[in-house]
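Novice: What follows is a protein structure lacking sequence information:
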């Protein structure tokens, strides 16, 4: 293989991200990444210590994009409208990024994932801040955010498993159900 002199950590992570986007996290390997970058697999160790570190960096890219997408969706909105926009944004992101579910599954297998947990908490902060405006009880607020996040990510999981054949219709049904539940929050 020809040597690639202009390699950097950013280029390695970007290429790894592209591999995951084209398939899922199970498609990411040092050998495959090295082949895509036209280098020997050992060369990659100069840029990322191991495959787990690479996976973490790619997960962080995904989570940053998801957070940005969700924040953009709720800008200028409040209350129920903002919560529903948040849910829709997560659903849309998962449709556009089919590896989201495999990424979430991978996170549970990574031993040292404090950075990832911090990013997930940053994502969780979006609905928390929205709901804080209408909730004076911190324990109820935490319950509502937990229910919301479980509904959203559980729905994504079930959708990826093929439980819902008409995803668009089921998404709208779930949003309508969430709308009814939120009224009582």
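Specialist: Great, that's in hand. Here the structure is a predicted model, which is why all the values come from computation and not from measurement. Numbers count the residues shown, from 1 in each chain.
Novice: C-alpha from now on. contacts and neighbour counts both.
Specialist: Fine.
Novice: Please, where are all the helices along this protein?
Specialist: Applying DSSP state H to the chain gives helices spanning 9-22, 30-37, 51-74, 79-96, 100-107, 114-132, 138-160, 167-183.
Novice: between these, which gets the lowest average pLDDT?
Specialist: Ranked by mean pLDDT, those end with helix 100-107 at the bottom, a mean of 79.
Novice: Contacts for it next, please.
Specialist: Defining contact as CA atoms under 8 Å, 6 or more residues apart in numbering, one finds that helix 100-107 is touched by 24-26, 59, 62, 94, 113, 116, 156-157, 160.
Novice: how about CSV for the helices of the chain, with mean neighbour count and distance to residue 43 added?
Specialist: Listed next are the helices of the chain as CSV, based on neighbours: other CA atoms under 10 Å; distance: least, CA to CA, whole Å:
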stretch, mean neighbour count, distance to residue 43
helix 9-22, 18, 10
helix 30-37, 17, 8
helix 51-74, 19, 13
helix 79-96, 19, 32
helix 100-107, 18, 24
helix 114-132, 16, 25
helix 138-160, 16, 35
helix 167-183, 14, 43
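Novice: now those in CSV, with distance to residue 44?
Specialist: As requested, the helices of the chain are arranged in CSV below (distance: least, CA to CA, whole Å):
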stretch, distance to residue 44
helix 9-22, 8
helix 30-37, 7
helix 51-74, 10
helix 79-96, 29
helix 100-107, 21
helix 114-132, 22
helix 138-160, 32
helix 167-183, 39
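Novice: can I see the domain layout of the protein?
Specialist: Domain ranges of the chain: 1-48, 57-183, per automatic domain parsing.
Novice: so how far is the first one from its chain's centroid?
Specialist: For domain 1-48, the gap between its own C-alpha mean and the chain's C-alpha mean amounts to 21 Å (CA atoms, centre = their mean, to the nearest Å).
Novice: Same question for stretch 175-185.
Specialist: The answer for stretch 175-185 is 23 Å, by CA atoms, centre = their mean.
Novice: Also stretch 138-155?
Specialist: For stretch 138-155, the distance to the chain centre is 16 Å (CA atoms, centre = their mean).
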